[in-house]
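Colleague: This is a predicted model, with the sequence first.
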Amino acid sequence: MASKSNDKLSGKSEPGSIQQDQDSNSSNDHSKPDPLLHSPHVMTSNVVRRGDWFLLAFPDGKSVFGLAETSKYSGGAIKMLKRSYPTDNLIGLPYGTVVEVERNSLRILPPTASIVPPPPDAEELGNDSGEPSCGETEPQPDATTEEEPSEVVTTADDPKQDKKRDNRHIVDNNTSQALAQNTLLQMKKTSTGSQIVQRLVQNSATFRQKTDFSRAKYIAKKQRKYQPRCRLVQCNANTISQAIFQKKDPKKFSSLRPDTLAQLLAYSNITAGAHVLVWEELHGMITASIAERMAGYGSVFSLYTGQQVNYHEMLQRFNFSFAVQSTIQWVHLGDVLDQDITEKDLEAADRDAMTWPCALQDHTRRYLQSAELCPPKHEARRTEKQEAFLEKRYARFTRKLTRPSPQECASNLKARPCDSLLLVIRQYDIQETLEGLLPYLAPSCPLVIFCEYLEPLTQCFQWLQDNQLAIHLHLMSTWTREYQVLPGRTHPAMNMSQNGGFVLTGIKLDTELGRNQEPDEETLQEIRASLPTRRGKKRAPISEGHQKKKDRKVFKSSGDTRESNG
């Protein structure tokens with residue numbers, strides 16, 4: 001290898017090496033790296049970056065959205081468990097990191113830490129007699145409490161009696177905990193969550209009497225309350241849909257589950273380089289999922305109603321790069337249904353008149369001048385506010401210079417038929433909407449309609465079938481069941497969704513060539529003559545005389561039948 005490299009550097013070459021170099025160069029031209037995959041501004045990161053949205057997933061299935069920022073004025077604070085926590089220490093962490101929620105901060109745990117805290121050891125809980133372990137003093141009740149704490153049970157446990165322990169003699173009368181309320185409140189300010197759980201277990205009078213299963217449930221309950229842990233999860237279509245479905249009312253999102261969303265994307269044949277037409281009313285969830293799967297290749301024409309698009313909040317949570325964001329083109333529904341657009345494109349004219357860098361407007365300059373008059377002691381705070389304000393203005397002018405106008409998006413939509421049509425509608429008539437948008441779908445391309453109810457899809461199914469507009473029609477309901485898998489306790493989950501909506505799928509037929517036409521009599525005779533008989537001979541063509549004789553026999557037999565019936 002070294003000699004070959006030296007020969008190339010010195011200009012020497014062996015016979016036939018030129019042809020080999022040309023072949024290697026041609027192969028390298030075809031195997032060039034994808035610019036959208038190897039660009040640092042486009043490639044998805046496995047760590048939390050500044051300005052990225054993330055999810056904090058708890059063991060009970062709940063999730064909380066957060067924004068990674070260094071300043072609270074830029075939204076860098078996450079609200080959960082009735083408190084607000086800064087997120088600047090999460091920047092640079094890999095996804096999957098376990099974080100423990102403390103009183104005023106998020107403590108980062110080692111990579112080997114589990115999202116479920118380990119139970120306290122037997123030495124930490126004390127000896128078998130129920131007394132505190134060495135180095136622990138008996139907690140004294142607070143003087144301000146009026147009730148007398150119950151005494152700790154000191155009966156020794158016999159190994160033979162371990163299997164006979166049960167909960168039949170335990171009475172829930174709120175007197176089994178010897179730790180006073182004021183002492184517990186003071187420990188929340190000074191102690192960690194594991195220390196609080198340890199003290200609660202040590203001062204429980206009934207903990208020694210419980211079974212092993214009851215002990216594990218008691219410790220897990222106290223750990224969820226005083227020692228909560230969560231995992232840092234990356235935002236994508238699966239995690240965001242699952243978080244929204246479990247956090248908010250499913251009716252607001254038409255009971256769309258993550259598995260239903262996956263079926264919609266699969267039946268729509270969403271691939272890179274496709275042109276997809278979508279109209280949804282789920283706050284941009286479907287549009288963002290399609291753009292994520294296409295990864296910056298193709299076009300997503302998303303329809304909207306009203307004066308402006310109100311789906312930007314959902315799109316921000318996907319942390320799209322500029323390449324992926326540019327594939328989404330917003331088209332007003334009125335521009336789609338109106339075939340002739342004669343109005344002047346004011347937004348495009350305003351964009352063409354702008355220059356970069358954009359000059360500060362008068363109200364922006366006045367705001368920055370008024371911020372200069374703040375006292376010197378608030379200099380750091382003023383600087384953070386100015387930086388956050390200027391970043392928002394910078395992003396706003398960048399969008400205005402790079403995004404196409406609604407009329408340009410409508411022209412791009414009408415330039416060529418789309419490869420997929422996806423409808424997720426709640427408030428509009430699905431059949432009328434399908435009649436208006438079906439001409440924009442190319443023949444032999446899939447159409448997918450999702451609705452929370454069955455009746456609208458049934459009408460669309462019948463209309464498509466009667467007018468011979470689509471084939472391979474399927475109307476199905478999405479249903480899933482979650483199972484708990486534990487040793488000796490494997491069973492379906494007690495709480496589950498009843499229905500995840502209904503899906504209508506089909507393939508569009510060509511309006512002129514896609515319909516089945518009945519052949520005439522001459523065509524049938526030609527086909528019948530070309531078919532061989534039982535003995536392998538071709539059928540003789542039917543002459544006119546033979547056909548008339550055959551028709552006469554049929555008429556005579558029918559007349560006899562009428563006479564007999566008469």
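Modeller: Arrived safely, thanks for sending. Numbers count the residues shown, from 1 in each chain.

Colleague: Report the rounded mean pLDDT for the helix or strand harbouring residue 464.
Modeller: Assigned by DSSP states H and E, residue 464 belongs to helix 455-466. Averaging pLDDT along helix 455-466 gives 92.

Colleague: for that helix, the distance to its chain's centre please.
Modeller: 29 Å (C-alpha atoms, centre = their mean, to the nearest Å).

Colleague: swap in stretch 204-221?
Modeller: Centroid separation for stretch 204-221 versus its chain: 38 Å, with C-alpha atoms, centre = their mean.

Colleague: Please enumerate the helices of the stretch 251-400 of the chain.
Modeller: 258-267, 285-294, 312-316, 322-325, 333-337, 346-353, 362-371, 379-402 (DSSP state H, counting those that start in this stretch).

Colleague: Please identify the most buried of those.
Modeller: Among the helices of the stretch 251-400 of the chain, the stretch with the highest mean neighbour count (mean count of other C-beta atoms under 10 Å) is helix 285-294, at a mean of 25. From N, CA and C alone the C-beta is placed, and that goes for glycine too.

Colleague: tell me the angle of that helix relative to helix 258-267?
Modeller: For helix 285-294 against helix 258-267, the angle by axes from the mean of the first three to the mean of the last three C-alpha atoms, to 10 degrees is 60 degrees.

Colleague: which residues sit against helix 285-294?
Modeller: Residues outside helix 285-294 that contact it (C-beta atoms under 8 Å, 6 or more residues apart in numbering): 236-237, 240-241, 244, 253, 256, 261, 264-265, 268, 270-274, 276, 278, 280, 300, 302, 311, 314-315, 317-318, 320, 324-325, 327-328, 422, 424.

Colleague: Kindly give a single PyMOL line that selects the buried subset of those.
Modeller: To isolate in PyMOL the members of the contacts of helix 285-294 that are buried, counting by 16 or more other C-beta atoms under 10 Å, one can use:
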select buried, resi 236+237+240+241+244+253+256+261+264+265+268+270+274+276+278+280+300+302+311+314+315+317+318+320+324+325+327+328+422+424
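
Colleague: which ones among the contacts of helix 285-294 are found in strands?
Modeller: 276, 278, 280, 300, 302, 328, 422, 424 (DSSP state E).

Colleague: what's near enough to touch the second one?
Modeller: Which is residue 278. Here residue 278 is in contact with 286, 287, 290, 300, 301, 302, 303, 421, 422, 423, 424 (C-beta under 8 Å, 6+ apart).

Colleague: Return the set of residues that bridge with it.
Modeller: residue 302, residue 422 (DSSP bridges).

Colleague: On the pLDDT front, check it for me.
Modeller: Looking at residue 278, its pLDDT is 93.

Colleague: next one: residue 558
Modeller: Looking at residue 558, the pLDDT reads 46.

Colleague: just for this structure, where's the confidence low?
Modeller: 1-44, 72-75, 121-164, 248-249, 339-353, 356, 358, 371-379, 512-519, 534-566 (pLDDT under 70).

Colleague: Centre-most residue in it?
Modeller: By C-alpha atoms, centre = their mean, the chain has its centre lying nearest to residue 237, at 2.0 Å.

Colleague: How about it, nearest residue that isn't a chain neighbour?
Modeller: Excluding its sequence neighbours, the residue lying closest to residue 237 (C-beta to C-beta, 6 or more residues apart in numbering) is residue 289, at 4.0 Å.

Colleague: Give me the nearest residue to residue 259, chain neighbours excluded.
Modeller: Per C-beta to C-beta, 6+ apart, closest to residue 259 is residue 480, 5.2 Å.

Colleague: burial of that neighbour, as a residue count?
Modeller: Residues lying near residue 480 (other C-beta atoms under 10 Å) number 11.

Colleague: Spell out the secondary structure type for the residue nearest to residue 55 when sequence neighbours are not counted.
Modeller: In space, and not counting its chain neighbours, residue 55 is closest to residue 233: 4.1 Å by C-beta to C-beta, 6+ apart. Following DSSP: H, G, I helix; E, B strand; the rest coil, the label given to residue 233 is strand.

Colleague: shouldn't residue 233 be in contact with residue 52?
Modeller: No - the criterion here is C-beta atoms under 8 Å, and residue 233 misses it with residue 52 at 11.9 Å.

Colleague: on that earlier part again, what's next to the helix holding residue 464, contact-wise?
Modeller: Against helix 455-466 from outside (C-beta under 8 Å, 6+ apart): 429-431, 434, 449, 451, 469-470, 473, 475, 502-504, 506.

Colleague: Mark which of those are part of strands, please.
Modeller: Reading strands off the contacts of helix 455-466 with DSSP E, I get 449, 451, 470, 473, 475, 502, 503, 504, 506.

Colleague: so the second one bridges to which residues?
Modeller: Residue 451 forms beta bridges with residue 502, as assigned by DSSP bridges.

Colleague: can you pull the contacts of it?
Modeller: Residue 451 touches 254, 424, 425, 426, 430, 457, 501, 502, 504, counting by C-beta under 8 Å, 6+ apart.

Colleague: I'd like the distance between the third one and residue 466.
Modeller: Between residue 425 and residue 466 the computed distance is 21 Å (C-beta to C-beta, to the nearest Å).

Colleague: Neighbour count for those two, which is higher?
Modeller: residue 425 (18 against 8).

Colleague: Enumerate every residue touching residue 274.
Modeller: Contacts of residue 274 by C-beta under 8 Å, 6+ apart are 294, 298, 299, 419, 420.

Colleague: 6 Å instead, please
Modeller: Contact partners of residue 274, counting by C-beta atoms under 6 Å, 6 or more residues apart in numbering, are 298, 419.

Colleague: do the same with residue 184
Modeller: Taking C-beta under 6 Å, 6+ apart as the test, residue 184 contacts no residue whatsoever.

Colleague: so how far is residue 533 from it?
Modeller: Counting by C-beta to C-beta, the gap from residue 184 to residue 533 is 97 Å.

Colleague: How about residue 100, nearest residue that isn't a chain neighbour?
Modeller: Per C-beta to C-beta, 6+ apart, closest to residue 100 is residue 107, 4.6 Å.

Colleague: Checking that neighbour next. Helix, strand or coil?
Modeller: Assignment for residue 107 (three-state DSSP): strand.

Colleague: Let me know whether it touches residue 97 as I believe.
Modeller: No - contact criterion C-beta atoms under 6 Å: residue 107 and residue 97 do not qualify, at 11.1 Å.

Colleague: Closest one of the contacts of helix 455-466 to residue 355?
Modeller: Proximity to residue 355 was ranked across the contacts of helix 455-466 by C-beta to C-beta; first place goes to residue 434, at 44.4 Å.

Colleague: tell me the contacts of residue 504?
Modeller: Residue 504 touches 449, 457, 460, 475, counting by C-beta under 6 Å, 6+ apart.
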